[in-house]
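could you look at this predicted model? Sequence included:
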Amino acid sequence: MNINDVDTEAPTDGDWFQNIFDRQQELEDRYSQIEAKNGYPPPANRNLDDPAFQRYLKDGAYRCIEEISEATNCLKNKPWKSTPVLTDKDHYFEELMDGFHFYIRVLILSGLSAEDVYKLYFKKSEVNKFRQESNY
């Protein structure tokens, strides 16, 4: 099964980001059970200062990076090639979503809600905007 086998509609409530977090939490609940069954249980202590939990978060971040790398492998055009290569867009987008999935997972495991991420994003974007305008 891949992304072309699924139809989806945009949420009618308009809170797309919250819906992504809610779905990821549903998946996380199942992943925790599957990973525990496979001998890789999530640490009981979900404290950002706990070394075992940090290793768990780092593993999630590495998975995100791995999936983004898989997505970039779908981009076949190289400066030294004289003939353009068409991109398998479905595969590219699916790998991007795999990376996004792991990124949202790390955010949730870190204790952040969709609202927290929204607020932090805009705080950081204001800092970036200031830096651009002040030639930082």
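Looks like it came in fine. Owing to the predicted nature of the structure, the values given are computational and were not obtained by experimental measurement.

what segments of the chain are helices?
Using DSSP state H, the helices of the chain run over 16-37, 51-72, 89-109, 114-133.

check which residues of the second one are buried.
Read that as helix 51-72. 53, 56-57, 60, 63-64, 67-68, 70-71 (16 or more other Cβ atoms under 10 Å). Just so you know, the C-beta spots here come from the backbone N, C-alpha and C atoms, and that holds for glycine as well.

how about low-confidence regions in the chain?
The chain contains residues with pLDDT under 70 at 10-11.

phi, psi for the residue of it most remote from its centre please.
Note on the chain: the largest separation between a C-alpha and the mean C-alpha position, by Cα atoms, centre = their mean, falls on Ser82 (34.1 Å). Note on Ser82: its backbone torsions stand at phi -100, psi -10 [degrees, to the nearest 10].

count the residues that sit near Lys89.
9 (other Cβ atoms under 10 Å).

please apply the same query to the one 3 residues further on.
Residues within reach of Tyr92, counting by other Cβ under 10 Å, total 16.
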